[in-house]
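A.B. asks: Show me how the following folds:
(4 chains)
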Amino acid sequence: MRSDELVGQVRAFLAEHAPATTERLEFLRARFDAGLAWVNFPQGLGGMDLPRDLQPVVDGELAAAGAPDVPLPRVGIGLGMAAPTMLRHGTVAQLRRWLRPLWTEEEVWCQLFSEPGAGSDLASVSTRAVREADGDWVVDGQKVWTSTAHEAQWAVLLARSDPSAPKHEGLTYFACDMSAPGVEVRPLRQITGEAEFNEVFLTGVRIPDAHRIGEVGQGWQVARTTLMNERVALGGDPVPRGDGMIGLVVRKWRARPELRTAAGRDALLRLWVAAEAGRLTAQRLREELAAGQPGPDGSAVKYANSHLNQEISGFELELLGDEALRYDDWTMRRPSRRDWRERTSGYRYLRARANSIEGGTSEILCNVIAERVLGLPREVAG
Amino acid sequence: MRSDELVGQVRAFLAEHAPATTERLEFLRARFDAGLAWVNFPQGLGGMDLPRDLQPVVDGELAAAGAPDVPLPRVGIGLGMAAPTMLRHGTVAQLRRWLRPLWTEEEVWCQLFSEPGAGSDLASVSTRAVREADGDWVVDGQKVWTSTAHEAQWAVLLARSDPSAPKHEGLTYFACDMSAPGVEVRPLRQITGEAEFNEVFLTGVRIPDAHRIGEVGQGWQVARTTLMNERVALGGDPVPRGDGMIGLVVRKWRARPELRTAAGRDALLRLWVAAEAGRLTAQRLREELAAGQPGPDGSAVKYANSHLNQEISGFELELLGDEALRYDDWTMRRPSRRDWRERTSGYRYLRARANSIEGGTSEILCNVIAERVLGLPREVAG
Amino acid sequence: MISLRYSDVEDELRASVRRVLADRAPWQAVLARVESSDPYDTGLWQTLAADVGCAGLAVPQDRGGAGGSYREAAVVAEELGRAVAPVPHLGAAMATAALLSGQDCGLLAKAAAGEVLAVLALPLSTRPGAGLPGTVTADGERLTGAVGGVADALPADLLLVPANGGLWAVSREAADVSEVISLDMTRPLADVTLAGARATRVADAAPAVAAALLAGTVLLASEQLGIAEWCLDATLAYVKRRQQFGRPVGSFQAVKHRLAQLWVAVTQARATARYAAGCLAEGDPDTAVAAALAQAHCGPVAVQAAEQCVQLHGAIGFTWEHPAHLYLKRAKADAIALGTAAHHRDVLGDLLTIDR
Amino acid sequence: MISLRYSDVEDELRASVRRVLADRAPWQAVLARVESSDPYDTGLWQTLAADVGCAGLAVPQDRGGAGGSYREAAVVAEELGRAVAPVPHLGAAMATAALLSGQDCGLLAKAAAGEVLAVLALPLSTRPGAGLPGTVTADGERLTGAVGGVADALPADLLLVPANGGLWAVSREAADVSEVISLDMTRPLADVTLAGARATRVADAAPAVAAALLAGTVLLASEQLGIAEWCLDATLAYVKRRQQFGRPVGSFQAVKHRLAQLWVAVTQARATARYAAGCLAEGDPDTAVAAALAQAHCGPVAVQAAEQCVQLHGAIGFTWEHPAHLYLKRAKADAIALGTAAHHRDVLGDLLTIDR
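C.D. replies: Residues are numbered from 1 along each chain as shown, chains lettered A, B, ... in the order given. A predicted model of the protein is given here:
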């Protein structure tokens, strides 16, 4: 389909569903049903089997017409990780059940992967899934580092279904209803003071076999799809130049001459160069993907971004001096949204420490790059 | 012995051997015989069994009286590595034969350890030492990365005497006469253009068993003594503040205002801080050693110094700009002495690249620190 | 030549202080306290200051002190950094240094004995050499004005306030001291406001403040060393214990090399901190260089150690219930306190005539 | 939006150039040549410039060029960097850019066709924006003076010399061109002396030099990318093959992580170099920023890659008979050529109004 034809379809849709007079949820459901949610998804599942790079055409037209946004951050795990995973490994029935409410935000998803004893070595999860006589499953275990678990209706869950199999072969992947009996979510307070993440305790949680995604024992392969998408999602979409963490610091530099020093200027420009190089790299990666030449996965972008965020936020504190010694709020609370721009420099610095841990530590990403991209010999047997 | 008593001894020695009227070699031999060469060595072997930190007392008195120097760099391998090794593992007959001419520079020593296939993994040397019926040895193999081999009378040599033993147990350590038939020294040209190092080919070289240092099969233990002393030697003695590579660059900065930039000043000061921190660390290490509290070995100082030299010399080129694009001499030649101060900035930069390779790569030093100092688990089985 | 080793006396002092801190300020206690209404452990400070004698280490015996030296005070600072102990040692030491520079009016002896906690009313971020702040003015013996972001003012009995060229002692009760939500919860700052507060002049401001800032930068370097040491030790212990992929995390070479490099940096930090303390103790002419060097080196090393500590602990190091964050916040705040490393490099450039 | 990918045409051009270089300039040949009396491979340059058409890529067809663009010229620069080929492409490209900015006097067409090698007589270390050197003066059509450290002047037919506001063409024979012992032996510099040399004015100096420096910085970034790519590839091949401790050196995690980080840096260098080439090709208003960014990023990456290449090859990488040093010297010289990364950051600060 040509881009002008697609514009025609969007306009036709808008003619039938005027944003001004259509209730938000109704509009989003209709948009999904019209295949305009993610045009690269299959027909009937919110898309039209079109190339992914046509999505901006749709988004642009809709935005221009004042259509409601889909606030991406909140649905990040669903949209960025659960959806591509189930698209690849799920049944048509599962896709029909889960995709639309996921996309419209009616149902938030979270991820039950990491455990206290299984962080970087994720394949060693010990949460047990035992199959009952009726074919359904009963799950017991503890998960950690789980964002949005407290507001999620569904979770993607990795559990050990066969403890006697080699560790990568004894895992099965499920969708877990977070309202099921036995699911307990406890906030996990972080160094920022807030509780963005959670511990989730699973005690005798029943999961119907219909909620299993992929084959029994194939959980690791399914989880890898989720992880690769997680890294792409955390690597982030390219932002315009001057946006993001570096933009914030540059604006402070411009606005406050009293903070400037000669050495500070060079340090800031080093960071600007690194940020811009990272931004262009992400843009180039997206171009390659759009052209059907998938380069190495998002690991590189994610790796570079986390360290950049850490360096920029660390620099911001030393630039601000006095002011940086003050924090805004240590109260233990749920972040209503992650707007780091409105918090203190100290919050940005502390929150950025997690960037090189969440979604695969930098150490794991370096292993992935070294082994899968550069073809260096594997060292880890596990 | 108190320091003033020692001063008395030195003065008595000087009264008998007036520097002005005594021939250099005669003076040095007499100094050795008087136990004033290295006071911490045993009586009769150039020393008096005194603490090492009394040596500066002797050196100071002698220098004040105009006594001849022992130019350390040229005899570095002998003095810094061969001597402590034979002191610990050699026989009295060996010590009596080798120490005095080593110390007086009548006999230069070199080190035949590394091979093309055994660099970081030194214990895998494949040069063979086969024992003859008469108890002597015949050695065949190839050694590389050998400084001063072309002017050396003696070499310390690590060779495999038992190929069937585990690799650390099949080695034996020898002193090899470099004038023996079958020893061929070929210059090995380096990236600086000059040939500071050599390849040494050993073809049917006969070594008397009396020149074996340590037991048969104990070569690895003996070699470790040499290596530890090498790292101390390469780590270098503390220099006065403002000396060394950093001093040279600071003097250029002061002398040439046209080179200065604000960012360059901060970069230079970072290097100055690193150099001074390294200098104080070496001084502290020496104090601990003198107080009989040997801290971790010289690996840390050697590691830090090599990277510092590389950074400073790299900075020097960018500071000089135009001038740094010119080199002084690419001619293949033997360096008469290693006076890096008189060469171009490019020479210093290139030569410094070897600092993190020679005497144990930085990677090996990090392993040594991690395992022997920090007690982290060994990874390398070799 | 300044000795860079720890003497036997210093080793014994370290052992005493470490014992007290292990008993009274384990990290769980520190974490619980920083969120309480009483963030400073005044009881612990009383023990250290009066019983162990830490408050008067740098004060000569004839002026009421313990007759130790800044070398010993630096050992104490190192241990207090190692424990991120919530005690006002930095503020107290800086005030003592200020009083030492002036004519003794009895106050010094009381401060040295730990009877009175005096604290210099300057922002913690004050850069040595940057000139006195002019935010408080004296009208006769009455002070009016404000000083923001003062460390250790919350538990103080007495504030030493620079105004009109003098250093003035003001009773804590005569000032409005309000707690600031601070990045470093183990050393919360306070904003001090004076509205015609009655004050007594105790010294000339310029030399007193200069002496206080010099002592502060030197002791802060040892505190930073202590932070780095704890972070390295805690990380080593963790990576030796923590298993992933069927082996200890500390057996992975990339982890080993980073920790080896951190150890080298900490070893260097120790040498620079010792040198600064030795110079200050002996009144060496190199003290200004030594202090700036120690700050330029130790500040970044403490931050690096704390950041690696969080990173190598993985997810657990990012949680509130693990002590790593207390050290991270202290390290980062200390990197700003009394001037950043960049500022101290700039100072060094001037001292060394590395011209602009 | 500027595309950051390589087009099919560019991929084909790369393949042709790489084939020629593999055949004519393997590293053994380069090493042998740099010590010969004829350090430039003029035959190879003839093939590339005239037969493959590299000299005229950035010149429109109506002015005698191949009608390609700077995107393609950048691909060629990348391949030439990858081979550290001893050909005068940088000097030629800068001269062509200078001539493009002026009124064509026939010379541009000849340069574009590879018939005449013209080279801009400026020190290789010239910093863009630093103003024209005043070391040569014109008296009528006679030039007198000297320019030191000029790249690619040795094999040139014609020198383009800025003097008295003009850009003047001087025949190589009319100038004294003496070879300099150069850090980068694959691009030896020369000192040019003019003693009343006959000259023809071909353009105004200021716009011609500015255009040449801009094109030079952009193409240099791609050359640096090529250097970094070769160093990474060669190191990867070596550590996969080299065994120590009974396993490939490339299986040690510390080595793996460093190479992964280097790969990230090279990947970023590719994006910035492509962006700069794309901007220049399309006359984008962001070209100045893109060029300074590419220099600020690619220069250090090439040096880092070459240094790691030497280090991870161990002793063999420090020997003359291994190609690593050719890349190390080129990378370090390139880091100084046309301004250091620090200079380009400074330029960026001005362009982005990150004020002093």
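A.B. asks: Next, count neighbours for A:R326.
C.D. replies: Applying other C-beta atoms under 10 Å in any protein chain shown, we find 18 residues neighbouring A:R326. C-beta here means a position set from N, CA and C on the backbone, and glycine is covered the same way.
A.B. asks: ok, it - contacts?
C.D. replies: Residues touching A:R326, when contacts are defined by C-beta atoms under 8 Å, 6 or more residues apart in numbering or on different chains, comprise A:344, A:346, C:149, C:180-183, C:189.
A.B. asks: Give me the distance between it and A:S345.
C.D. replies: Distance, A:R326 to A:S345, by C-beta to C-beta, to the nearest Å: 9 Å.
A.B. asks: coming back round to it: for the contacts of A:R326, which one is nearest D:Y327?
C.D. replies: D:Y327 has its nearest neighbour among the contacts of A:R326 in A:G346, at 43.7 Å by C-beta to C-beta.
A.B. asks: Now do the helix or strand hosting that closest one: everything it contacts.
C.D. replies: In the assignment (DSSP states H and E), A:G346 maps to helix A:345-353. Taking contacts as C-beta under 8 Å, 6+ apart, the residues outside helix A:345-353 that touch it are A:191-192, A:245, A:306, A:309-310, A:312-314, A:316-317, A:320, A:323-324, A:326-328, A:340, A:343, C:183, C:307, C:310-311, C:318, C:325, C:328-329, C:332.
A.B. asks: interface residues of the stretch 151-300 of chain A facing chain D?
C.D. replies: Among all residues of the stretch 151-300 of chain A, those adjacent to chain D (criterion: C-beta under 8 Å from any C-beta of the partner chain) are A:250, A:253-254, A:257, A:260, A:262, A:265-266, A:268-270, A:272-274, A:276-278, A:280-281, A:283-284, A:287-288, A:291, A:293, A:296, A:300.
A.B. asks: Can you say which of those residues are buried?
C.D. replies: Among these, those buried by neighbour count (16 or more other C-beta atoms under 10 Å in any protein chain shown) are A:250, A:253, A:262, A:265-266, A:268-270, A:272-274, A:276-278, A:280-281, A:283-284, A:287-288, A:296, A:300.
A.B. asks: Tell me where the stretch 201-350 of chain C has helices.
C.D. replies: For the stretch 201-350 of chain C, helices defined by DSSP state H, counting those that start in this stretch occupy the ranges C:205-241, C:253-282, C:287-312, C:324-336, C:341-351.
A.B. asks: low-scoring stretches of chain A, by residue?
C.D. replies: Counting by pLDDT under 70, the ranges of chain A that qualify are A:71-75, A:232-238, A:293-297, A:336-338, A:380-382.
A.B. asks: State which strand of it is the longest.
C.D. replies: The strand of greatest length in chain A, counted in residues with DSSP state E as the criterion, is given as strand A:197-207.
A.B. asks: Sheet-wise, list the partners of it with their directions.
C.D. replies: Strands that pair with strand A:197-207, judged by DSSP bridges, come out as strand A:137-143 (antiparallel), strand A:183-188 (antiparallel).
A.B. asks: contacts for the last one?
C.D. replies: With C-beta under 8 Å, 6+ apart as the test, strand A:183-188 has contacts from A:144-146, A:149-150, A:176-178, A:195, A:197-203, A:205, A:332, A:334, C:319.
A.B. asks: highest average neighbour count across the strands paired with strand A:197-207?
C.D. replies: Burial among those, expressed as mean neighbours by mean count of other C-beta atoms under 10 Å in any protein chain shown, is greatest for strand A:137-143, which shows a mean of 21.
A.B. asks: ok, residues contacting that one?
C.D. replies: With C-beta under 8 Å, 6+ apart as the contact definition, strand A:137-143 has outside contacts at A:112-116, A:125-132, A:157, A:159, A:161, A:172, A:174, A:176, A:182, A:199-209, A:212.
A.B. asks: again, 6 Å this time
C.D. replies: A:112, A:115, A:127-131, A:159, A:200-202, A:204-207 (C-beta atoms under 6 Å, 6 or more residues apart in numbering or on different chains).
A.B. asks: For chain A, just list every one of the strands.
C.D. replies: Applying DSSP E to chain A gives strands spanning A:109-112, A:128-131, A:137-143, A:154-160, A:171-177, A:183-188, A:197-207, A:212-213.
A.B. asks: can you list the ones you listed in CSV and add distance to A:L36?
C.D. replies: Shown next, in CSV, are those (distance: least, C-beta to C-beta, whole Å):
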stretch, distance to A:L36
strand A:109-112, 21
strand A:128-131, 37
strand A:137-143, 35
strand A:154-160, 23
strand A:171-177, 25
strand A:183-188, 34
strand A:197-207, 33
strand A:212-213, 26
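A.B. asks: For the closest residue to chain A within chain C, grab phi and psi.
C.D. replies: The nearest approach of chain C to chain A comes at C:F245, 3.2 Å away (C-beta to the nearest C-beta). Taking degrees, to the nearest 10, you get phi 60, psi 30 for the backbone angles of C:F245.
A.B. asks: And C:I2, by the same measure?
C.D. replies: phi -70, psi 120.
A.B. asks: any idea how far D:K110 is from the residue lying closest to it once chain neighbours are set aside?
C.D. replies: Leaving aside its chain neighbours, C:I2 sits nearest to C:G278 (3.7 Å; criterion: C-beta to C-beta, 6 or more residues apart in numbering or on different chains). For C:G278, the distance to D:K110 equals 73 Å [C-beta to C-beta].
A.B. asks: Between the two, tell me which one has more neighbours.
C.D. replies: Just comparing C:G278 and D:K110: by other C-beta under 10 Å the higher neighbour count belongs to C:G278, 23 against 19.
A.B. asks: helix/strand/coil for C:A138?
C.D. replies: Secondary structure for C:A138, judged by DSSP: H, G, I helix; E, B strand; the rest coil, is strand.
A.B. asks: sorry, that was for C:D38
C.D. replies: With three-state DSSP as the basis, the three-state label of C:D38 is coil.
A.B. asks: Next, count neighbours for it.
C.D. replies: Taking other C-beta under 10 Å as the criterion, the count of residues near C:D38 is 12.
A.B. asks: And for A:R333?
C.D. replies: Burial of A:R333 is recorded as 13 neighbouring residues (other C-beta under 10 Å).
A.B. asks: how about the closest residue to it other than its chain neighbours, phi and psi?
C.D. replies: If the residues on either side of it in the chain are set aside, A:R333 comes closest to A:E194, at 5.5 Å by C-beta to C-beta, 6+ apart. For A:E194, the backbone dihedrals (degrees, to the nearest 10) come out as phi -90, psi 170.
A.B. asks: Could you measure from A:E194 over to chain B?
C.D. replies: In this view, A:E194 and chain B are 34 Å apart by C-beta to the nearest C-beta, to the nearest Å.
A.B. asks: hang on, the earlier thing: among the buried ones among the residues of the stretch 151-300 of chain A next to chain D, which are located in helices?
C.D. replies: Using DSSP state H, the members of those that fall within helices are A:250, A:253, A:262, A:265-266, A:268-270, A:272-274, A:276-278, A:280-281, A:283-284, A:287-288, A:300.
A.B. asks: ok, and of the residues you listed, which contact chain C?
C.D. replies: Restricting those to those near chain C by C-beta under 6 Å from any C-beta of the partner chain leaves nothing, as none qualifies.
A.B. asks: got the contact list for C:A281?
C.D. replies: C:A281 sits in contact with C:69-71, where contact means C-beta under 6 Å, 6+ apart.
A.B. asks: between these, which is nearest D:S251?
C.D. replies: C:R71 (47.9 Å).
A.B. asks: okay, now that closest one: neighbour count?
C.D. replies: By the other C-beta under 10 Å criterion, the neighbourhood of C:R71 contains 26 residues.
A.B. asks: try A:A15
C.D. replies: With neighbours defined by other C-beta under 10 Å, the count for A:A15 comes to 9.
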